[in-house]
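Visitor: Build me a model from this:
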Amino acid sequence: QVQLVESGGGSVQAGGSLRLSCAASGLPFTTYAFGWFRQAPGKEREFVATIVWSGAGTAYANSVKGRFTISRDSPNDTMNLQMNSLKPEDTAIYYCAVDYHLYSILPQRADEYDFWGQGTQVTVSS
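Guide: Alright, predicted model coming up:
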């Protein structure tokens, strides 16, 4: 059974940093993509970043490019999101997800992902 568990959320002032982690277990496949999405109150879930299983390919939303870095630790099947220069508009619940169909190499649509974590709250105050 696939399980994704996020950690590392919290509250920080604008300009600060947070590091989110997503621990995956029960993955029955060897090729997949990890992704981070976020959802703010009253808004749709939006793509943040994605990384392929090898770590060789990444993609970012324009709103976070240059501030966020996605990475993975393959022995532990853990994905990380380093978030720097945080802004109040980054406030949201952050979800990790895994896509094993890989209809696209770096999937950026929520409906491409097969399994989701429960989410972790990130709050950035001005």
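
Visitor: Just give the nearest non-adjacent residue to residue 52, would you?
Guide: Among residues not flanking residue 52 along the chain, residue 33 sits closest, at 5.2 Å (CB to CB, 6 or more residues apart in numbering). Where you see a C-beta, it was placed from the backbone N, CA and C, and this is true even at glycine.

Visitor: With residue 28 instead?
Guide: In space, and not counting its chain neighbours, residue 28 is closest to residue 2: 7.3 Å by CB to CB, 6+ apart.

Visitor: my guess is the one you found meets residue 27, correct?
Guide: Yes. Using CB atoms under 8 Å, residue 2 makes contact with residue 27 at a distance of 6.1 Å.

Visitor: Quickly list what's touching both of those two.
Guide: residue 98 (CB atoms under 8 Å, 6 or more residues apart in numbering).

Visitor: what are the ranges of the strands in the chain?
Guide: 3-7, 10-13, 18-25, 33-39, 46-52, 58-60, 68-73, 78-83, 92-99, 115-116, 120-125 (DSSP state E).

Visitor: and the fifth one, average pLDDT?
Guide: For strand 46-52, mean pLDDT rounds to 96.

Visitor: for the last one, same thing?
Guide: Across strand 120-125, the average pLDDT comes to 98.

Visitor: Counting neighbours, what do you get for residue 126?
Guide: Using other CB atoms under 10 Å, the number of residues around residue 126 comes to 9.

Visitor: er, residue 84 I mean
Guide: For residue 84, the tally of surrounding residues (other CB under 10 Å) stands at 14.

Visitor: same check, this time on residue 85
Guide: Applying other CB under 10 Å, we find 13 residues neighbouring residue 85.
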